[in-house]
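**Student:** Next input, structure requested:
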Amino acid sequence: MISFIVPAHNEEQLLGQTLDALQAAARETGTPYEIIVVDDASTDRTAAIAASLGARVVHVQHRQIARARNAGATAAIGDVFVFVDADTRVEAATVVATIAAVGRGCVGGGALLRFDAPLPISVWIIGVCLRLTMRLSRLAGGAYVFATRDAFAAVGGFDETLFATEELTLSRALQRVGPFVILSESVVTSARKARTHTTRELLAPLGLLFRRGPGARRQRADLDLWYGPRRSDPGDLNR
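**Tutor:** Numbers count the residues shown, from 1 in each chain. Next up, the predicted model:
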């Protein structure tokens with residue numbers, strides 16, 4: 001069985017389409033599955049939407065993506081964990097490729113990321129570079145990461161001392177356990193941060209790492225790109 005684990009904080013705007021796409025993709029493969037939405041301190045209709053669409057809802061109050069994902073894994077009953085961001089659409093081909101990779105002996109991996117429209121040209125260029133970097137470095141983006149239950153347990157899950165880049169740390173840890181692959185198949189994730197933040201704000205986390213070093217990832221402070229208030233996305237008008 002595959003356990004799809006979706007961490008969510010105030011995701012009423014996009015969660016429905018994420019779950020609809022995930023269910024359609026999973027059903028098309030014919031593989032037994034479950035969907036777990038980890039409602040992390042939401043104050044909107046995130047939990048109600050998840051329940052209405054057949055997902056099992058796990059409630060936590062962490063406001064930390066690593067701990068939310070781990071909470072979902074603790075509740076999961078599948079042999080394979082697939083972590084999907086709440087603003088990401090998954091197609092059947094990606095799920096099929098995931099199952100095939102595990103069947104070949106891979107302990108984990110990720111999928112290539114594509115951003116939805118409208119998309120600033122600068123972000124499109126970043127996306128191309130990101131996909132190339134992922135394939136060369138074998139680092140999975142947080143929008144879609146998978147691992148076998150045994151491998152996930154062996155590395156201790158996501159590092160709960162991290163508030164950012166926890167998926168990169170998990171990728172490296174899984175690579176030490178066994179084969180890790182970045183699939184050629186992709187998922188479509190939201191470019192809302194690129195539409196609602198300035199270039200300076202988008203690059204701020206990199207500047208923080210340069211100034212404070214890797215330890216900056218272990219503090220929520222100044223990581224507003226991920227933990228700050230949600231801004232209204234003009235791209236939602238086109239949905």
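**Student:** so where does residue 195 fall, helix or strand?
**Tutor:** With elements delineated by DSSP states H and E, residue 195 resides in helix 192-196, which encompasses its position.
**Student:** same check, this time on residue 151
**Tutor:** Using DSSP H and E, residue 151 falls within helix 149-154.
**Student:** which helices and strands does the helix or strand following that helix pack with?
**Tutor:** Counting by DSSP H and E, the next helix or strand C-terminal to helix 149-154 is helix 166-175. With contacts defined as 3 or more C-beta pairs under 8 Å, 6 or more residues apart in numbering; DSSP states H and E, the secondary structure elements packing on helix 166-175 are helix 65-75, strand 108-115, strand 144-148. To be clear about C-beta, it is placed using only N, CA and C from the backbone, and glycine gets the same treatment.
**Student:** Paired strands for the shortest one, with orientation please.
**Tutor:** Sheet partners assigned to strand 144-148 using DSSP bridges are listed as strand 80-84 (antiparallel), strand 108-115 (antiparallel).
**Student:** sorry, back to before: in the helix holding residue 151, what's buried?
**Tutor:** Neighbour-count burial for helix 149-154, with 16 or more other C-beta atoms under 10 Å as criterion, is recorded at 149, 151, 152, 154.
**Student:** of those, closest to residue 46?
**Tutor:** Closest approach between those and residue 46, by C-beta to C-beta: residue 152, at 24.4 Å.
**Student:** Contact partners for the closest one?
**Tutor:** Residues near residue 152 by C-beta atoms under 8 Å, 6 or more residues apart in numbering: 73, 81, 108, 174.
**Student:** Show me which of those is closest to residue 1.
**Tutor:** For the contacts of residue 152, the minimum distance to residue 1 (C-beta to C-beta) is 10.4 Å, reached by residue 81.
**Student:** residues contacting the closest one?
**Tutor:** Residues in contact with residue 81, defined by C-beta under 8 Å, 6+ apart, are 3, 5, 72, 73, 146, 147, 148, 149, 152.
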